[in-house]
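In: here are the coordinates; sequence isn't available:
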């Protein structure tokens with residue numbers, strides 16, 4: 001059984017920053033590619049950023065490039081998402097997801113999901 005627990009969400013003004021964390025337990029964290037997805041009210045879940053099992057090859061949605069940074073600490077079994085210059089359109093429920101070895105852009109191909117952490121950006 002794999003558990004992913006997100007934290008770090010909250011309410012922030014436009015232009016502010018937040019750092020999300022996702023702590024994993026129950027599996028060999030370093031064997032899994034990881035990703036952050038988000039889902040705004042009334043919209044489909046979208047990929048925000050993804051990262052290989054080694055921490056290389058980060059990939060970002062165009063809407064967050066230059067503002068968000070994905071990283072991981074395999075020793076701590078933790079995935080991070082540093083979000084800077086936040087915009088009201090970044091408001092969403094943010095999820096972390098894990099997939100064995102390789103990441104993909106397709107949410108349906110991820111093996112494990114967290115419960116999500118809410119990010120709200122006020123204008």
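Out: Perfect, thanks for sending it. Here the structure is a predicted model, which is why all the values come from computation and not from measurement.

In: what distance do you get for residue 9 to residue 69?
Out: Applying C-beta to C-beta, to the nearest Å, the value for residue 9 to residue 69 is 17 Å. All C-beta spots, glycine's among them, are computed from the backbone N, C-alpha and C.

In: so which of these two has more stuff around it?
Out: Taking other C-beta atoms under 10 Å, residue 9 and residue 69 do not tie; residue 9 has more neighbours (19 against 15).

In: tell me the contacts of that one?
Out: The neighbours of residue 9, taking C-beta atoms under 8 Å, 6 or more residues apart in numbering as the test, are 18, 20, 94, 117, 118, 119.

In: between those, which is closest to residue 87?
Out: residue 119 (10.9 Å; C-beta to C-beta).

In: hang on, that closest one in a strand?
Out: Yes. Residue 119: assigned to a strand according to DSSP: H, G, I helix; E, B strand; the rest coil.

In: if we ignore the residues flanking it in sequence, what's nearest the residue nearest the centre of the chain?
Out: The chain has residue 36 as the residue nearest its centroid, 2.3 Å off, counting by C-alpha atoms, centre = their mean. Take residue 36 and drop its neighbours on the chain: the residue closest to it by C-beta to C-beta, 6 or more residues apart in numbering is residue 48, 4.4 Å away.

In: what strand or helix carries the one you found?
Out: Assigning secondary structure by DSSP states H and E places residue 48 in strand 46-51.

In: and the contacts of that strand?
Out: 33-39, 57-61, 64, 68-72, 79, 81, 94, 103-105, 107.

In: now do 7 Å
Out: Residues outside strand 46-51 that contact it (C-beta atoms under 7 Å, 6 or more residues apart in numbering): 33-38, 58-61, 64, 68, 70, 72, 81, 103, 105, 107.

In: out of these, which are buried?
Out: Buried residues within the contacts of strand 46-51, counting neighbours by 16 or more other C-beta atoms under 10 Å: 33-38, 60-61, 64, 68, 70, 72, 81, 103, 107.

In: got any ranges where the chain has weak pLDDT?
Out: Low-confidence segments of the chain (pLDDT under 70): 1, 27.
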